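> the amino acid sequence is not available; the structure is as follows:
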């Protein structure tokens, strides 16, 4: 994390609160996953919803990554930044406003519902297409990060595969890619099971040449969390793909969509303590920051844990609850693990009003997923260093 001196210089120059992203870290992570991908014929797509900062996108483009967009607006942003459409895969919950126009850009479109397939057919498109399937299972550290199973609206339910195949026959399109993403995890054995399940579905699509297994590769923000070893996971994918090729004679291309894994620990949100209050001897001592859920929503939404440091040279430490500046009781930056309604103290350097606080692990799903406009607070700036 950033030093007190560095933080003070950046706050003086750019203001507080402020997101800072480490270019060296981003570059190293991209190299790591690209190296791991060499084990198998694999395209690495950066899921830009994790962090769509233009400089991050352009850095990754220069390093050789492809991209995953979750809305046509994200796809348009990528194209406006100079990303070639053929390097973009679009898998959107919301159907495009003009399906034909979108398909003609040359991006890789993924239909995520039967309605989207109908829109493709009505557009008269006759080219390559991808389909996202909900395989009936999901994985995640809570329900809000699980993207497969009966409680998830992502993709076409697996029992409708016969209807999809019938659509392919009548539409004149070719389903050459299959997208199956169920959530998140770090255990290679979990991912081995994921791709094994996915390949059972691929068997039902003779025309499929590429399997996109999605993202959800966990990172360790705080002590006790386990990070995905991409070398091990892609090795497990490679083994399963080799076995599939031997049994079926079909050699598939693989696609993965890391977002968090690439950018989470590259980012720090630096903030200033604007007040300190307490609720008596049997209560809590609260550090009120000049940031909160309008800049970082994950703790309030998921009970997510982020490393926090008070950047001073104090010799003493105290137990604090860090809270945001929004007029909202849920604006808690130190919730109970996985419980956004609970609060938990952190042992931090003894703090004073005006001290700078660094919130780590803030490179993914923080600036991109904030409650913009709440209480009309301005957004924290973002810079690459």
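Received, thanks. Quick caveat: nothing in here was measured; it's all calculated off a predicted structure.
> what about the closest residue to residue 103 other than its chain neighbours, neighbour count?
Using Cβ to Cβ, 6 or more residues apart in numbering and skipping residues adjacent in sequence, the residue nearest residue 103 is residue 125, 4.9 Å away. Bear in mind the C-beta positions are built from the backbone N, C-alpha and C, glycine included. Residues contacting residue 125 under the criterion other Cβ atoms under 10 Å number 19.
> confirm for me that residue 93 is in contact with residue 154.
Yes: applying Cβ atoms under 8 Å, one finds residue 93 in contact with residue 154, separated by 7.2 Å.
> what about the residue lying closest to residue 196 once chain neighbours are set aside, which SS state?
Counting by Cβ to Cβ, 6+ apart, residue 196 lies nearest to residue 240, which is 5.8 Å off, once chain neighbours are set aside. At residue 240 the chain is in helix, as set by DSSP: H, G, I helix; E, B strand; the rest coil.
> all strands in the stretch 151-300 of the chain, in order from the N-terminus.
Assigned by DSSP state E, counting those that start in this stretch, the strands in the stretch 151-300 of the chain fall at 156-157, 174-179, 210-212, 253-256, 267-278, 285-289.
> can you tell me how far the residue located most distally from the centre of the chain sits from residue 350?
Largest separation from the mean C-alpha position in the chain: residue 281, at 40.6 Å (Cα atoms, centre = their mean). Distance, residue 281 to residue 350, using Cβ to Cβ, to the nearest Å: 17 Å.
> okay, angle between the helix or strand bottoming out on mean pLDDT in the chain and strand 174-179 too, please.
In the chain, no helix or strand scores lower on mean pLDDT, DSSP states H and E than helix 188-202, which sits at a mean of 88. Here helix 188-202 runs at an angle of 160 degrees relative to strand 174-179 (axes from the mean of the first three to the mean of the last three Cα atoms, to 10 degrees).
> show me what helix 188-202 packs onto, helices and strands only.
If you count contacts as 3 or more Cβ pairs under 8 Å, 6 or more residues apart in numbering; DSSP states H and E, helix 188-202 packs onto strand 174-179, strand 210-212, helix 230-248.
> now the ones you listed as TSV including distance to residue 25, mean pLDDT and mean neighbour count?
As requested, those are exported to TSV (distance: least, Cβ to Cβ, whole Å; pLDDT from 0 to 100; neighbours: other Cβ atoms under 10 Å):
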stretch	distance to residue 25	mean pLDDT	mean neighbour count
strand 174-179	28	97	21
strand 210-212	26	97	23
helix 230-248	15	95	18
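> so which of those gets nearest residue 218?
Nearest of the helices and strands packed on helix 188-202 to residue 218, taken as Cβ to Cβ: helix 230-248 at 10.4 Å.
> what sits up against the closest one?
Contacting residues not belonging to helix 230-248 are listed as 32-33, 36-37, 39-40, 42, 188-189, 191-192, 195-196, 199, 202-203, 211, 213, 217, 250-252, 254, 256, 258, 261 [Cβ atoms under 8 Å, 6 or more residues apart in numbering].
> what's the angle from it to helix 188-202?
30 degrees.
> quick check: end-to-end length of stretch 288-300?
Across stretch 288-300, the terminal residues are separated by 15 Å (Cα to Cα, to the nearest Å).
> how many neighbours does the nearest residue to residue 296 once chain neighbours are set aside have?
Leaving out its chain neighbours, the residue that sits closest to residue 296 by Cβ to Cβ, 6+ apart is residue 366, at 4.8 Å. Residue 366 is flanked by 27 other residues according to other Cβ under 10 Å.
> before we move on, what about residue 151?
Neighbourhood size, residue 151 [other Cβ under 10 Å]: 9.
> ok, now residue 261?
For residue 261, using other Cβ under 10 Å, the count is 27.
> equivalent analysis for the one 3 residues further on, please.
Using other Cβ under 10 Å as the criterion, residue 264 is surrounded by 24 other residues.
> surely it and residue 367 touch.
No: counting by Cβ under 8 Å, no contact exists between residue 264 and residue 367, whose distance comes to 11.8 Å.
> tell me the buried residues in stretch 348-366?
348-349, 351, 355-366 (16 or more other Cβ atoms under 10 Å).
> skipping its backbone neighbours, what lies nearest residue 60 in space?
In space, and not counting its chain neighbours, residue 60 is closest to residue 46: 5.1 Å by Cβ to Cβ, 6+ apart.
> quick revisit: which pLDDT value belongs to the residue nearest to residue 296?
Per-residue confidence (pLDDT) for residue 366: 98.
> same deal with residue 184?
Looking at residue 184, its pLDDT is 67.
> can you tell me how far residue 193 is from residue 200?
From residue 193 over to residue 200 the distance is 11 Å, taken as Cβ to Cβ.
> more neighbours, these two?
The neighbour count for residue 193 versus residue 200, taken as other Cβ under 10 Å, is higher for residue 193 (17 against 12).
> how is the protein carved up into domains?
Domain ranges of the chain: 4-18+264-384, 23-263, per automatic domain parsing.
> of these, which shows the lowest average pLDDT?
domain 23-263 (a mean of 92).
> what about the helices in the protein?
Ranges of helices in the chain, per DSSP state H, are 4-14, 23-37, 54-63, 72-80, 99-103, 114-123, 161-171, 188-202, 230-248, 260-263, 298-302.
> which of these is buried the deepest?
With neighbours defined as mean count of other Cβ atoms under 10 Å, the helices of the chain peak in mean count at helix 260-263, which reaches a mean of 27.
> which residues does that helix contact?
With contacts defined as Cβ under 8 Å, 6+ apart, helix 260-263 is touched by 21, 26, 29-30, 33, 46, 50-51, 56, 60, 184, 215-219, 227-228, 230, 363-365.
> check contacts around residue 150.
By Cβ under 8 Å, 6+ apart, residue 150 lies in contact with residue 136.
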